[in-house]
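1. This is a predicted model, with the sequence first.
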Amino acid sequence: MTDMIKSSLDKKEYSLLTLPNSLQVLLVSTEKLNTTPIELETDSTESDCGSSDTDDRDSHSSMRLSHDGQSTKTHRAAACLTVGVGSFADAVDVLGQAHYLEHMLFMGSAKYPNENEFEAFLSSHGGYSNGSTDNEVTSFFFEIGSGYFKEALDMFANFFISPLFQEDTMERELAAVESEFTQARQSDRTRLQQMICATSNPKHPYHRFTWGNHRSLRDIPLSKKIDVRKQVIDFYDRYYSANIMKLVVCSDDSLVELENWVTESFNAVPNKNVVAPTFECAGSPFDGVPDYYTRICTILPVHSVHFLQIGWFISPTIGMYHQKPTEYIAHLLGHEGRGSILSYLKARGLITALHAGMDENDGYECGTYGAHFGINMRLTTEGVKHWHIIVQTVFEYLHIIEKSGLPEWIFQELKTLSEISFSFQEELQEIDICEELGLLMQGLFQVHRKDLLRYRVLQGSFDRDLVQGILSQLSPTRACFYLGTQDTEVMDETDPNLLTEEWFSIKYKISSIDGETLSTWRHVSINHDLQLPDPNPFLPHNFSLMQDFTLEPAINIKHSSVGRFWHCLDTTFESPRAYFVCFFTLPAIQSSVDAYIQADIYVRCVRDALTECTYHATVAGCSYSLRRTVYGLELICGGFNDKQHVLVDKILEELFSVEITYARFQMNKEETLREYSNCIVKPGRKARYIQTLSLHHQSFAPKDMITAAKRCTHDDLIAFAKTRLWTGKVFCAGLIHGNVPEEAASDLIKLVDEKISSKLQASASGYSVARITKLPICPDGITIQTDNEHEHDTNSAVVFVYQIGQEDLVLRVYAELLQQLMEEPLFDALRTKQGLGYEVTCCVRSLENVIYIELFVESSTYSSAYISRCIDTFIVDFDTALHNLSDETFEAHLLALINKKLIPDHNLWERTDRFWHEIRSGRMHFDMNAKIAKKLEACNKTEMMERFQEWMIKSTRKLRVLVQSQVKSSEYECAPPARVISMDGLSELQASLEFYEHQHKLHEA
């Protein structure tokens, strides 16, 4: 079968084979996985939070979990095919052709000629597909209900046997490539990568523009009389050969069945015996660039952000996966504990975040030509002014590493952690398994087949020379520097001397670094405030599973002096992990925009104070998140349960007694201001933010939050934390789930009690009330229109909201069924055929238990008013399509949705997240998916049509949000809807309308 080494907990079966056409295939069968769905059985009294236990704080009630024995084909199936060629092989006059080809292969084959046939089939059976083009590898992948995997595999195989490349389809799909590029232009991460490419040696393939757009794939080739369609077909004919393809399939079918299906469908993929292009001779992308290592490139970002990247192009690291020498160095440079670069520079108010290493980045992180090792830092305003000191600190730390002799214990600790993670690895979703293994099978990565599953594990004895070889390349004489800032003192957008990058139109300048500064970096001495990390105190040692003597896991409700907790001992996944989730309702946060922002800054200060401790825990597989919500604070702590109680204790200690120094306050206030300045920069985010602002009465406008943050002083925050934050009727709800017995759960609850009781005026009764605007019934609905924040951004975005009522099982069932029926026709009509934009989606959402259906389109070509009209037209056309839908197709969609709802949880966190959603929403239906699946069995097409008519045609409660690009395009302009409301009219609008009230009953006892 295979000699692949797998985790002792991995019950999947694997088989590695090569088809007669030389296509290498990895079969993964989940047939023997014990992933029967576990759901909660409740009766009418137990599911109501207001049970009769109100006077007995020590009492608890139990809810039994039962195995659901429904359909055996509720699992997902997935496949990924990778090709050993990517964008580096683009012709210089047709840049982006590899990416263009990736798009086109989804658009029909000789055997399945309809351009949306594959997507329609996937959608009708609960699936989806996608692809990605890296520099040296291209990936294609899909997911579907496992009962339909054989048919989907055959359709997928024909991508690579007989694609059509129809001319009209190519024209439409080019619009999708253009829209994808236009969206990418608004990502500062992508813009930084593009600047690195743009400033590299023009003769190196790294320099190439790989996204593709109208200019590179239409205008330039047209000017040179190049037939792009022929070029794309030639690229396919030249490189798309079975011998450089790798296929991974994963399903709950047997290995024998999978082998038969794969052989039947994929053996017809032509083998042209090509050699995958490699770039070993290309060398570093910056070799030959004059004075490059003595300059800094300063970039104008889209968002309000300051960043600094120090990068090195090093020799190829391919094949070093046993030792991973770059990870040893990245671990030291990126550490956040005492004496680290981050801790040192944070204390001086210069940076707020740091990450080091080789990030996965569309293949730009490594390849046959070499690898890119980078240190990325988020800077404060002061950090921008003193960036050279930050760089000096980095080289001082590298000097310490070099002088340390590279301690072996650090490698051994990392190795132990990787072995623990492998031994107790959690199940991934099928499509993630296929994507990861499909890439690792490519010859580019030189992974031996026995190591495919344990690729991330450090192996063998410590090879100090290997680490030293990488470290010696991270010198000041080979470093590249990129600074990003909107600070006008550093980067004045009106400066006529600024340069403009060719493809993304990025404003930048290149400055020489003075000789004295370079000399200082090259001759650093020991900085005694810096040190290597201490041994990790959170390294887990106890991995024993708690014994559960009941037949099935149970959820127990426990009361405490501060609220209510749910506990579930669950070792179903045989994982020594647990999750502790806790929510505090704090009335003070809801009182004003000032309180809302002060709570936000306070939480940031707490997280900042915890960094040195919690980073150790995160490295050891026990992480946390702490965030401010609309109504309070939410804490999630999860991972290996051995030291989890220590982490929770530390977090709660800081939460209630954090020291807020002026420097800490100032740094986190600045971060808060940046976040709210950036929250509406992208048109899609702005549209959705306005949507929430229009509907949720407890939300605040970004401009009001920015004003509140600006006026907040250090004294204000101290006073708020001491006298207001913890006042009022504070309620606490929590969930302890996983490898935690009842005694340990009780100890955790007691710990929360002790920490909170002395601080809070806690009450375990009462509730908070949310108000959601009740949209009026009117044919045209309400339209809110505003401009894109950036005057040069060509993107417009439109959100349609159809409000259908307060949470009700039948409403939810039909809403989700409508989404299932609508999403593929919407995508096909608006994206594939009309080419409105790259992102076209529909989904069901719930805002404070008010259900609505959301349609979203973002476009770089069409006006928001035009998109709005197209959506209106689609709704009318879909009404007809729904009426004409065959019973067979309706039943197929119905079954697909039922199977989706019965998909077993893959791992502990998926189940915890599902349980916690029920607790936070106040529904307490821990078996909600099973309830929906059961109710779906009674659904029929007639009632679906009636509800669609009611919700979206006749009695519609509709909200349109239109975010319009300031770059006018008269070709696609049209008049907006008759009644349009501006942002300034939102408050008046809310005041004039009725509202839904939702009581958060989870806090009642």
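-> Structure's in. What do you need?
2. With Thr133 as the reference, measure out to the residue nearest the centre of the chain.
-> Centroid-nearest residue in the chain, with CA atoms, centre = their mean: Asp432, separated by 13.1 Å. Distance of Asp432 to Thr133, computed by CB to CB, to the nearest Å: 19 Å. C-beta coordinates here come from the backbone N, C-alpha and C atoms, glycine included.
3. do Ala719 as well
-> Plainly put, Ala719 is 54 Å away from Thr133 if you go by CB to CB.
4. In terms of neighbours, single out the busier of those two.
-> Thr133 (26 against 13; other CB atoms under 10 Å).
5. The more buried one pairs with what?
-> Counting by DSSP bridges, Thr133 forms beta bridges with Thr138.
6. From what I see, it and Gly86 are in contact.
-> Yes - with contact defined as CB atoms under 8 Å, Thr133 counts as touching Gly86 (5.7 Å).
7. Quickly list what's touching both of those two.
-> Counting by CB atoms under 8 Å, 6 or more residues apart in numbering, the contacts common to Thr133 and Gly86 are Ala98, Thr210.
8. Tell me the pLDDT of Asp362.
-> pLDDT for Asp362: 77.
9. And Phe995, by the same measure?
-> The model's pLDDT for Phe995 equals 89.
10. Neighbours of it, how many?
-> Phe995 - counted by other CB under 10 Å - has 16 other residues nearby.
11. Check the secondary structure at Tyr364 for me.
-> coil (DSSP: H, G, I helix; E, B strand; the rest coil).
12. residues near the residue lying closest to it once chain neighbours are set aside, how many?
-> Once flanking residues are discounted, Tyr364 sits nearest to Gln193: 5.9 Å by CB to CB, 6 or more residues apart in numbering. A count of neighbours around Gln193, defined by other CB under 10 Å, yields 20.
13. mind checking which helix or strand Gln193 is in?
-> In the assignment (DSSP states H and E), Gln193 maps to helix 188-198.
14. average model confidence for that helix?
-> In the prediction, helix 188-198 has an average pLDDT of 97.
15. Next: stretch 946-954.
-> Rounded mean pLDDT across stretch 946-954 is 95.
16. Distance of the residue nearest to the centre of the chain relative to Glu426?
-> Distance, Asp432 to Glu426, by CB to CB: 11 Å.
17. Could you tell me the per-residue confidence at Ser757?
-> 77.
18. I'd say it and Ser561 touch.
-> Yes - assessed by CB under 8 Å, Ser757 is found in contact with Ser561 at 5.9 Å.
19. between these two, which one's more packed in?
-> Ser561 (17 against 13).
20. which residue packs closest to that one, ignoring adjacent ones?
-> In this structure, Ser561 finds its nearest non-sequential neighbour in Asp753, 5.4 Å apart by CB to CB, 6+ apart.
21. His303 now?
-> According to CB to CB, 6+ apart, the nearest residue to His303 is Asn678 (4.5 Å).
22. what's the answer for Gln531, then?
-> Gly339 is the one closest to Gln531 (CB to CB, 6+ apart), at 3.3 Å.
23. re earlier: if I look at Ser757 and Ser561, which residues touch both of them?
-> By CB under 8 Å, 6+ apart, no residue touches both Ser757 and Ser561.
24. tell me the strands in the stretch 151-300 of the chain, going along the chain?
-> 245-251, 295-299 (DSSP state E, counting those that start in this stretch).
25. out of the ones you listed, deepest packed?
-> strand 245-251 (a mean of 27; mean count of other CB atoms under 10 Å).
26. which residues are contacting that one?
-> 12, 23-30, 75, 77-84, 146, 149, 153, 160, 258, 261-262, 266, 269, 430-431, 433-434, 437-438, 441-442.
27. Return the subset of these lying in helices.
-> When DSSP state H is applied, these are split such that Phe149, Leu153, Leu258, Trp261, Val262, Phe266, Glu430, Ile431, Ile433, Cys434, Leu437, Gly438 fall in helices.
28. from those residues, which would you call buried?
-> Buried by 16 or more other CB atoms under 10 Å: Phe149, Leu153, Leu258, Trp261, Val262, Phe266, Glu430, Ile431, Ile433, Cys434, Leu437, Gly438, out of the ones in helices among the contacts of strand 245-251.
29. Tell me the pLDDT of the residue nearest to the first one when sequence neighbours are not counted.
-> Read it as Phe149. Using CB to CB, 6+ apart and skipping the chain neighbours, the partner closest in space to Phe149 is Ala77 (3.9 Å). We have a pLDDT of 97 for Ala77.
30. Next, work out how far apart Arg911 and Ser921 are.
-> For Arg911 relative to Ser921 (CB to CB), the value is 16 Å.
31. Over to Leu693?
-> 21 Å.
32. Compare these two (neighbour count), which wins?
-> Neighbours per residue, other CB under 10 Å: of Leu693 and Ser921, the larger number sits with Leu693, 21 against 17.
33. looking at this, the more buried one is in a helix?
-> Yes - counting by three-state DSSP, Leu693 falls inside a helix.
34. so it sits right up against Leu986, yeah?
-> Yes - Leu693 lies in contact with Leu986 (CB under 8 Å); the separation is 6.3 Å.
35. so what sits against both of these two?
-> The contact sets of Leu693 and Leu986 overlap at Ala701 (CB under 8 Å, 6+ apart).
36. rewinding a little: what sits up against whatever helix or strand comes next after the helix holding Gln193?
-> Next along the chain after helix 188-198, taking DSSP H and E as the criterion, comes helix 214. Identification of contacts with helix 214 by CB under 8 Å, 6+ apart yields Leu174, Glu178.
37. Work out the gap between helix 214 and the centre of the chain.
-> 28 Å (CA atoms, centre = their mean, to the nearest Å).
38. Equivalent analysis for stretch 858-867, please.
-> Offset of stretch 858-867 from its chain centre (CA atoms, centre = their mean): 26 Å.
39. repeat for stretch 744-760
-> 33 Å.
40. now the strands for the stretch 551-700 of the chain?
-> Along the stretch 551-700 of the chain, counting by DSSP E, counting those that start in this stretch, strands occupy 554-560, 563-569, 577-585, 622-628, 632-640.
41. With mean pLDDT, distance to Ile601 and mean neighbour count as extra columns, can I get those strands in TSV?
-> Below are those laid out as TSV (pLDDT from 0 to 100; distance: least, CB to CB, whole Å; neighbours: other CB atoms under 10 Å):
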stretch	mean pLDDT	distance to Ile601	mean neighbour count
strand 554-560	80	29	20
strand 563-569	93	25	25
strand 577-585	95	17	26
strand 622-628	96	9	17
strand 632-640	96	13	22
